[in-house]
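J.: Need coordinates for the following:
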Amino acid sequence: MKFGQQMKLIKKGVEEIITESEMITKLKNSKVSGKPLRIKYGIDPTGYDVHIGHLVPIRKMREFQDMGHTGVIIIGDFTAQIGDPTGKDESRPSLTKEDVQKNAEKYMEQLYTVLDKDKTEVRWQTEWFGGMKMADVLNLMGKFTLAQFMAHDTFRKRYENGLTLGMHELMYPILQSYDSVAVKADVELGATEQKFNILAGRDMQRYFGQSQQIAILSPILMGIDGTEKMSKTLDNYIAVFDTPKDKYGKTMSIPDDLIINYFNYATTVKPDEIKEISQQLKTGKINPKIIKQRLAREIVALYHGKKTAEMAEEEFNLIFQKKNIPDDIPELKLNETMKIIDILTQSGICNSGGEARRMIKQNAVSIDGTKIKDMFYEVTKECVIKVGKRRFVKVVK
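T.: From the prediction side, this is the model:
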């Protein structure tokens, strides 16, 4: 692949590259030397439920791997216990070493659905921080000034608003930046909100006489609601551990104006083809639903294979186009009379009473095809309850 083609692929779904000229130079040097570039991405395994928004930079790492380069995943077993303050209004509780280990194993299991395991190097911060002495830590801190950190939006706003800002949190960007020195990173991937930390890595490498890494910043993937960034808290996400049926159905529920966004950040479709799809949508030559079905198939196929994606589409069509109810929906035994909210929570169709009430308020709950608007509605007979577009439960006696 020529450098122009490589850069076209690298720039796909990317907000900013710092700097493009340096990136091209590194690619050329790599070809001449035969030495793969080292593409870094750090994770703080504070949890293990990964959604496709988390995988936007991981897909970029896979693209680099397909060009012959090495992906370097940093397990932030030190920084996970500090908590990345980026975008946070409060400190994050620390984790135990055991928590981090367990979460990291689950996290990597999901990342390997995208990454080439043979071209992935996994490193733990304990390799370099575990043996550091206080003098070493103070030396790292001396590379930066307080003025630099207070220019960071998150730090400045929390300070100005009188919110808690622990001294240990100021160490986060310093530790992350030294990771780049430890693994000799050529490129660091991350979301746009990580710009401060990644640029700090460039500075740290310069202080240690290393060639500076390239910062490749990707936008935050919007949630399926089309209004907020993808988040487990907001229940607007597509999880790696979601079933093929759920991945397909959730993708079909996104607003039409997010279709190209998802093609760019959640699929491996080539830039030229995405450009063509975008043009088709703009000119109205094709129904957006058809394009969205292609998108849903692409996303499901990435994690489960093409055949499973086709099966998920068939089931979706059966449920939503023919208005049939699937055969394998869960059942809940009715105890004489039950309140609708209790059924929704006990069946697991809603994660909490709060979500159940919210879905009722949004006219997203129906019983045998009839919308339910009464929070205190009582179910007294066998029926099929539907929540949103994809969730069903059969109430039986």
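J.: Now tell me what touches stretch 369-384 from outside.
T.: By C-beta atoms under 8 Å, 6 or more residues apart in numbering, the list of residues contacting stretch 369-384 from outside reads 325, 329, 334, 336-341, 343, 357, 360, 363, 365-368, 385-386, 392-397. Every residue, glycine included, has its C-beta placed from N, CA and C.
J.: tell me the residue furthest from the middle of the protein?
T.: Most distant from the centre of the chain: residue 336, at 43.1 Å, with distances by C-alpha atoms, centre = their mean.
J.: sec struct for the nearest residue in space to residue 126 that is not next to it in sequence, please.
T.: Nearest residue to residue 126, sequence neighbours excluded (C-beta to C-beta, 6 or more residues apart in numbering): residue 77, at 5.6 Å. Here residue 77 is coil, with the state taken from DSSP: H, G, I helix; E, B strand; the rest coil.
J.: Same question for residue 385, what's its three-state structure.
T.: Residue 385 - assigned by three-state DSSP - is strand.
J.: Let me see the ranges of the strands in the stretch 51-200 of the chain.
T.: Using DSSP state E, counting those that start in this stretch, the strands found in the stretch 51-200 of the chain span residues 70-75, 120-124, 187-191.
J.: looking at those strands, which is buried most?
T.: With neighbours taken as mean count of other C-beta atoms under 10 Å, the strands of the stretch 51-200 of the chain reach their highest mean count in strand 187-191, at a mean of 25.
J.: residues making contact with that one?
T.: Counting by C-beta under 8 Å, 6+ apart, 23, 26, 37-42, 56-58, 60-61, 64, 180, 197-198, 201, 213-220 sit against strand 187-191.
J.: Nearest to residue 102 among the strands of the stretch 51-200 of the chain would be which one?
T.: The closest of the strands of the stretch 51-200 of the chain to residue 102 is strand 70-75. By C-beta to C-beta, the value is 11.9 Å.
J.: Compute the inter-axis angle for that closest one and strand 187-191.
T.: Relative orientation of strand 70-75 versus strand 187-191 (axes from the mean of the first three to the mean of the last three C-alpha atoms, to 10 degrees): 50 degrees.
J.: Residue 209 - how many residues pack around it?
T.: Each residue near residue 209 was counted by other C-beta atoms under 10 Å, and the total is 7.
J.: tell me the secondary structure for it?
T.: In the three-state summary, residue 209 is assigned as coil, counting by three-state DSSP.
J.: Now do the same for it: its pLDDT.
T.: At residue 209, the model reports a pLDDT of 93.
J.: cool, and residue 35?
T.: For residue 35, the predicted pLDDT is 96.
J.: Ok, residue 265 next?
T.: The predicted local confidence for residue 265 is 86.
J.: if I look at it, how far off is residue 14?
T.: 10 Å (C-beta to C-beta, to the nearest Å).
J.: Settle it for me: which of the two has more neighbours?
T.: Each of residue 265 and residue 14 has its neighbours counted (other C-beta under 10 Å); residue 265 has more, 24 against 19.
J.: hang on, isn't the more buried one packed against residue 58?
T.: No. Contact criterion C-beta atoms under 8 Å: residue 265 and residue 58 do not qualify, at 11.1 Å.
J.: Between the two, which contacts overlap?
T.: Common neighbours of residue 265 and residue 58 (C-beta under 8 Å, 6+ apart) do not exist.
J.: Show me which positions of stretch 41-54 end up buried.
T.: For stretch 41-54, burial by neighbour count (16 or more other C-beta atoms under 10 Å) applies to 41-46, 48, 50-54.
J.: thinking residue 48 is in contact with residue 106, fair?
T.: Yes. Counting by C-beta under 8 Å, residue 48 touches residue 106, with 3.4 Å between them.
J.: could you measure the nearest residue to residue 300 once chain neighbours are set aside against residue 12, distance?
T.: Closest residue in space to residue 300, ignoring its immediate chain neighbours: residue 309 at 3.9 Å, by C-beta to C-beta, 6+ apart. From residue 309 across to residue 12, the span is 21 Å (C-beta to C-beta).
J.: Select, out of the strands of the stretch 51-200 of the chain, the one closest to residue 143.
T.: strand 187-191 (17.0 Å).
J.: List the strands paired with the closest one, with their directions.
T.: strand 38-43 (parallel), strand 214-218 (parallel) (DSSP bridges).
J.: now that strand: how far from the chain's centre is it?
T.: The chain centroid and the centroid of strand 187-191 are separated by 13 Å, computed with C-alpha atoms, centre = their mean, to the nearest Å.
J.: again with stretch 195-211
T.: The answer for stretch 195-211 is 25 Å, by C-alpha atoms, centre = their mean.
J.: Likewise for stretch 284-304?
T.: With C-alpha atoms, centre = their mean, you get 19 Å for stretch 284-304.
J.: and it, which residues are buried?
T.: Counting neighbours by 16+ other C-beta under 10 Å, stretch 284-304 gives 291-304 as buried.
J.: now swap in stretch 217-227 and tell me
T.: Buried residues in stretch 217-227 (16+ other C-beta under 10 Å): 217-225.
J.: contacts for that stretch?
T.: Where contact means C-beta under 8 Å, 6+ apart, the residues beyond stretch 217-227 that reach it are 13-18, 52-53, 56-57, 60, 189-195, 198, 228-231, 234, 236-238, 250-251, 253-255, 257-258, 261-262, 265-266.
J.: Provide the backbone phi and psi angles at the residue farthest from the centre of the chain.
T.: As for residue 336, its main-chain torsions (degrees, to the nearest 10) stand at phi 60, psi -90.
J.: Show the contacting residues for it.
T.: residue 380.
J.: hmm, 6 Å instead?
T.: By C-beta atoms under 6 Å, 6 or more residues apart in numbering, no residues touch residue 336.
J.: mind listing what's buried in stretch 336-346?
T.: So, applying 16+ other C-beta under 10 Å, buried residues of stretch 336-346: 338, 340-345.
J.: Cool, thanks, signing off.
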